[in-house]
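Q: Sequence plus predicted model, see below.
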Protein chains: 2
Amino acid sequence: MGTDKRPIGIFDSGIGGLTVLKEIEKRLPCESLIYFGDTARVPYGNKSRQTVIRFTTENILFLLKKRVKLIVIACNTSSSLALKYVRKIFKIPILGVIKPAVEKAIKVSKGKRIGVIGTKSTIASRAYEEELKRKDRNSLIFSRPCPLLVPFIEEGLIRSLLLEDLVKFYLKDLKGKIDTLILGCTHYPLIKNVIASYLKGVCIIDSAKEVAINTKRILEENGLLANSRNVSHKEFYVTDDPQNFFKLAKLFLKKNIENPKLVNV
Amino acid sequence: MGTDKRPIGIFDSGIGGLTVLKEIEKRLPCESLIYFGDTARVPYGNKSRQTVIRFTTENILFLLKKRVKLIVIACNTSSSLALKYVRKIFKIPILGVIKPAVEKAIKVSKGKRIGVIGTKSTIASRAYEEELKRKDRNSLIFSRPCPLLVPFIEEGLIRSLLLEDLVKFYLKDLKGKIDTLILGCTHYPLIKNVIASYLKGVCIIDSAKEVAINTKRILEENGLLANSRNVSHKEFYVTDDPQNFFKLAKLFLKKNIENPKLVNV
């Protein structure tokens, strides 16, 4: 039984990673959590590897100052472009969102025809494809960058006709070809309904749950769990206006979060 | 006759300010120009005043190190949220893009019913409205944030049906109410045709030309012009991948630019 009270650090380029926080909270209620959203520099999804690695490193250095015991990169772009690099240079256990989603997809896909959607940089990195091929070299992968979905979701246009048209525009080439679709961006679970209704019968994988399950396993394996007597707490840090984040978080989590604090990294 | 060889500094959050550079180049061929695009932190349009002021200050400090003689803020969001502040603290002449556009709009508008479109932060700042009211208190102003236009344009979706629908969605409330529309974002000139064809008969103001005219006047008034013997040059600096900027710039300017250099600010 572990007794490590130190918090888990979770970061995302913005608000999307809250879907991961929510699942971790559910499965690990005794753990303290520190969430960091790089809202001044969001989005990461169309920026270069070099820049995403710089941002990711800076975010991790910030979380290390908060004495976290494990870091979850709850951003697909960061996981795709920077995970390998930061794992090489930092001692702390670091989890990404790619592997858990891929494992789940391989498990549920019957025809091994798997689609992946994400930001431009995530798809260009081929991180999902490589992981899928590593796990099952016979699987067929269809990937599609959907760069405008994040701005639409951040605008709250999640039930509009415009969004339906955009989803159609992006997914028409995948329709009929796949039996499973990985949502390769932490924003996409918010429009899961729209995607599911266009891709009827396709199994849709959202990595948040899988990431939480993996986080628990790694804490267990490393003896890093907090025990049930731990009085857990949550802290939120952002690089742009905390009030704006507070309001968006309410929309995302359907409840109020602790007051976010403004920081520079 | 001025003889100041120092360059003019121009900055934008990204690529949009190249429309301003182009006009300055045309009117002031003897001047050297330094363009700075903050592509690692783009977009500014939905970020807070506090953050936009911080970014703007950092960009100006970078340009000052390059020994510029005048700074043009070719970004509507920066001009709207940060111009007043940076003018207070820096000695160097600083031009924004709001006033030139407003002067032009007042001049051409017959019915004094003027529309303004821009990013969320630009419109929320009311900078255009205040300037319009200052110049003509009887003018009627209709403003509308269009936060998704910049991502669409940066995606190159500038002739799609999706864009036409989006333009309709944003502009339907202005249609029939205005005789003049200010494009309050340096990206929008690229979709001027789509806007003009939806708002038939409306006079559309693009501030780039007006900013260039103002830049020339201010250099003259302050004895800062370079003379015709000056061998002018251009330099480009960006905070994210220079190659990506190079390609987009070609699309924007329809010619190659000098190789951009990567910098951190």
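A: Sure thing, it's come through.
Q: And chain B, is stretch A:135-151 touching that?
A: Yes: Stretch A:135-151 comes into contact with chain B (C-beta under 8 Å from any C-beta of the partner chain), by way of A:147-148, A:151. For the C-beta atoms, the positions are set from N, CA and C on the backbone; glycine is no exception.
Q: Give me the buried entries from those residues.
A: Buried by 16 or more other C-beta atoms under 10 Å in any protein chain shown: A:147-148, A:151, out of these.
Q: does any bit of stretch A:63-83 sit next to chain B?
A: No: between stretch A:63-83 and chain B, judged by C-beta under 8 Å from any C-beta, nothing touches; the nearest distance is 11.8 Å.
Q: ok now that stretch, how far from the chain's centre?
A: Taking C-alpha atoms, centre = their mean, to the nearest Å, one finds the center of stretch A:63-83 at 10 Å from the center of the full chain.
Q: now for that stretch, what's the gap between its first and last residues?
A: For stretch A:63-83, the first-to-last residue distance is 15 Å (C-alpha to C-alpha, to the nearest Å).
Q: Doesn't residue A:243 belong to a helix?
A: Yes: counting by DSSP: H, G, I helix; E, B strand; the rest coil, residue A:243 is part of a helix.
Q: Which residues lie in contact with it in this structure?
A: Residues near residue A:243 by C-beta atoms under 8 Å, 6 or more residues apart in numbering or on different chains: none.
Q: Could you do residue A:179 as well?
A: Residue A:179 touches A:109-111, A:113-114, A:201-203, counting by C-beta under 8 Å, 6+ apart.
Q: What sits closest to it if chain neighbours are left out?
A: residue A:111 (4.6 Å; C-beta to C-beta, 6 or more residues apart in numbering or on different chains).
Q: got a pLDDT number for the one you found?
A: With respect to pLDDT, residue A:111 scores 95.
Q: Quick one: the residues of stretch A:135-151 next to chain B as TSV, columns for secondary structure and pLDDT too.
A: As requested, those are exported to TSV (DSSP: H, G, I helix; E, B strand; the rest coil; pLDDT from 0 to 100):
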residue	secondary structure	pLDDT
A:147	coil	94
A:148	coil	95
A:151	helix	89
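Q: Identify, from those residues, the entry nearest to residue A:89.
A: residue A:147 (29.2 Å; C-beta to C-beta).
Q: can you tell me which residues contact the closest one?
A: Going by C-beta under 8 Å, 6+ apart, residue A:147 touches A:45-46, A:119-120, B:151, B:155.
Q: Among the residues you listed, which ones are in helices?
A: A:120, B:151 (DSSP state H).
Q: right, and out of the contacts of residue A:147, which lies closest to residue A:242?
A: residue A:45 (22.8 Å).
Q: Spell out which parts of the stretch 151-265 of chain A neighbour chain B.
A: Looking at chain B, the residues of the stretch 151-265 of chain A close enough under C-beta under 8 Å from any C-beta are A:151-152, A:154-155, A:157, A:162, A:165-166, A:169, A:239-241, A:244, A:262.
Q: which helices and strands sit right next to the one helix or strand residue A:22 maps to?
A: Per DSSP states H and E, residue A:22 falls inside helix A:18-27. Counting contacts by 3 or more C-beta pairs under 8 Å, 6 or more residues apart in numbering or on different chains; DSSP states H and E, helix A:18-27 packs against strand A:8-12, strand A:33-37, helix A:207-221, helix A:242-253.
Q: can you pull the pLDDT of residue A:230?
A: At residue A:230, the model reports a pLDDT of 84.
Q: Just list the residues touching it, thanks.
A: A:5, A:30-32.
Q: for the residue most central in space within chain A, what are its contacts?
A: The structure's chain A has its C-alpha centroid closest to residue A:74; by C-alpha atoms, centre = their mean the separation is 3.4 Å. Contacts for residue A:74 (C-beta under 8 Å, 6+ apart) come out as A:10-12, A:16-17, A:19-21, A:97, A:186, A:211.
Q: How much space separates the residue nearest to it when sequence neighbours are not counted from residue A:92?
A: Of all residues not flanking residue A:74 in the chain, residue A:17 sits nearest, at 3.2 Å (C-beta to C-beta, 6+ apart). Plainly put, residue A:17 is 18 Å away from residue A:92 if you go by C-beta to C-beta, to the nearest Å.
Q: Which one of the two is surrounded by more residues?
A: residue A:17 (28 against 14; other C-beta atoms under 10 Å in any protein chain shown).
Q: got CSV for the contacts of residue A:230, with neighbour count too?
A: Shown next, in CSV, are these (neighbours: other C-beta atoms under 10 Å in any protein chain shown):
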residue, neighbour count
A:5, 16
A:30, 14
A:31, 25
A:32, 18
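Q: Tell me how far the helix holding residue A:22 lies from the chain's centre.
A: Centroid separation for helix A:18-27 versus its chain: 11 Å, with C-alpha atoms, centre = their mean.
Q: Which residue is the nearest non-sequential neighbour of whichever residue of the stretch 101-250 of chain A sits closest to chain B?
A: Per C-beta to the nearest C-beta, residue A:241 is where the stretch 101-250 of chain A lies closest to chain B, at 3.5 Å. For residue A:241, ignoring the flanking residues on the chain, the nearest one in space by C-beta to C-beta, 6+ apart is residue B:48 at 3.5 Å.
Q: so the one you found sits right up against residue B:124, yeah?
A: No: in this structure residue B:48 lies outside contact range of residue B:124 using C-beta atoms under 8 Å: 9.8 Å.
Q: Which one's more surrounded, these two?
A: For residue B:48 versus residue B:124, the count of surrounding residues by other C-beta under 10 Å is larger for residue B:48: 21 against 16.
Q: what's the distance between that one and residue B:121?
A: Residue B:48 is 7 Å from residue B:121, by C-beta to C-beta.
Q: can you pull the contacts of whichever residue of the stretch 1-150 of chain A sits closest to chain B?
A: Relative to chain B, the nearest point of the stretch 1-150 of chain A is residue A:48 (3.5 Å; C-beta to the nearest C-beta). Residues near residue A:48 by C-beta under 8 Å, 6+ apart: A:121, B:240-241, B:244.
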